[in-house]
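[1] Starting from these lines, generate the structure:
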Amino acid sequence: MYGKGMVKKMSMDLLIEKIAEMKNPTVAGLDPKLSYVPEYLREEAFAQYGSTLEGAAQALLAFNRGLIDALCDIVPAVKPQCAYYEMYGWPGVKALYETMSYAKEKGMVVITDGKRNDIGTTMEAYATGHLGKTEVNGILYQGFPGDCLTVNGYLGTDGIKPLLQICREEDKGIFVLVNTSNPSSGELQDRLIDGKPVYELMGEMCEGWGAEQVGKYGYSAVGAVVGATYPQQLEALRAKMPHTFFLVPGYGAQGGGAKDVSYAFDQNGVGAVVNSSRGIMCAYQKEVCDEHDFAGAARREAIRMREDIAGVIAPISLSK
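    Numbering: from 1, shown residues only. Presented below is the predicted three-dimensional model:
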């Protein structure tokens, strides 16, 4: 039952506390393309490494470090999307690891956006690699330093159980895809089963999966990805999932506004973290400012976003 499970300093509690400390329920998505990286950073990287995968990865890393430096005191978390790094092979994956490590050094919570999905020992391997520790000749190593991982729950409980064990052992968290922000999501997620849409059933499963790992603020280690582009569904899910923390994509570039995301929050201004990727990363392009000020533009956009959302939710309080 909720309230009778483990009460630990889990990653979801850490995220909630960072949000409250900064009065900012947002996360910066680090989904970089080379076209997003200022030309001078690309030139520096390619001058050193040539027009190679290593050069591209170095450009992404330099860009990310600049963003993290500018955001770490006002934005509680970053969310690197694995695909944007994996496309550059092993150098890209190395840049992902170094980006995550740098964000952790700066005190930020790291949500790994990998949307992993499998069963049995394969899911155990994903869970261990992204959230746990791997044993090598009796020595334990952390593969990636993320605090939370996005996952696809549509293989059912078989794909979630290995993650729950790692979350319990390592005080980590997951965000399960429930109601995504893409235009075609309704093709499956809006279908009815016994009179309920699929996304609602997935939400009920998240509540059940998290029941034994509820933190001190009433939210479990099992969060949900619920998009801002369908605000009525977001509002309904918030009411039906009182112990599930939301990761909300769709703000800004995808069309969601502050009013849309406001439905994700509870009466204490808690319950969700809202993502912005392109809006923050490419703010210097939108401003048409000097590319050397890309980090300053990202910071200005992050502050604007913070104030935009703060204006439509209750003041953030950790009181139950």
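
[2] what comes up buried for the lowest-mean-pLDDT helix or strand in the chain?
    Every helix and strand of the chain was ranked by mean pLDDT, DSSP states H and E. The lowest is helix 186-189, at a mean of 90. The neighbour-count criterion (16 or more other C-beta atoms under 10 Å) identifies Gly186, Gln189 as the buried residues of helix 186-189. All C-beta spots, glycine's among them, are computed from the backbone N, C-alpha and C.

[3] got it, and stretch 297-317?
    Neighbour-count burial for stretch 297-317, with 16+ other C-beta under 10 Å as criterion, is recorded at 297-302, 305-306, 308-310, 313, 316.

[4] which of the residues you listed lies closest to Tyr97?
    Proximity of the buried residues of stretch 297-317 to Tyr97, judged by C-beta to C-beta, is greatest for Ala298, which lies at 21.8 Å.

[5] can you pull the contacts of Gly159?
    Contacts here follow C-beta atoms under 8 Å, 6 or more residues apart in numbering; on that basis Gly159 touches Asn117, Asp118, Ile119, Met123, Val151, Asn152, Gly153.

[6] Tell me the buried residues within these.
    Buried members of the contacts of Gly159, counted by 16+ other C-beta under 10 Å: Asn117, Asp118, Met123, Val151, Asn152, Gly153.

[7] Next, give phi and psi for the fourth one.
    Val151 adopts backbone torsions of phi -140, psi 160, taken as degrees, to the nearest 10.

[8] Which parts of the stretch 51-200 of the chain are helices?
    Secondary structure of the stretch 51-200 of the chain (DSSP state H, counting those that start in this stretch): helices at 53-71, 83-86, 89-105, 120-131, 161-170, 186-189, 198-209.

[9] relative to helix 89-105, how tilted is the longest one?
    The one in question is helix 53-71. Orientation check (axes from the mean of the first three to the mean of the last three C-alpha atoms, to 10 degrees): helix 53-71 against helix 89-105 gives 20 degrees.

[10] wait, what's in contact with Tyr199?
    Counting by C-beta under 8 Å, 6+ apart, the residues that Tyr199 touches are Val178, Asn179, Gln189, Asp190, Gln233, Leu237.

[11] how about the last one, what does it touch?
    Which is Leu237. Contacts of Leu237 were listed using C-beta under 8 Å, 6+ apart, and they are Val178, Asn179, Tyr199, Glu200, Gly203, Ala224, Val226, Phe246.

[12] count of residues packed around the first one?
    Val178: 28 surrounding residues under other C-beta atoms under 10 Å.

[13] Among the contacts of Leu237, name the buried ones.
    Members of these classed as buried by 16+ other C-beta under 10 Å are Val178, Asn179, Tyr199, Glu200, Gly203, Ala224, Val226, Phe246.

[14] Reformat these into CSV and put distance to Ser35 and pLDDT next to each item.
    Supplementary listing: these in CSV, determined by distance: C-beta to C-beta, whole Å; pLDDT from 0 to 100:
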residue, distance to Ser35, pLDDT
Val178, 31, 96
Asn179, 30, 92
Tyr199, 33, 95
Glu200, 38, 96
Gly203, 36, 97
Ala224, 31, 98
Val226, 29, 95
Phe246, 30, 98
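
[15] Need the max-distance pair from those.
    When C-beta to C-beta is used, the two most widely separated members of the buried ones among the contacts of Leu237 are Glu200 and Phe246, lying 14.2 Å apart.
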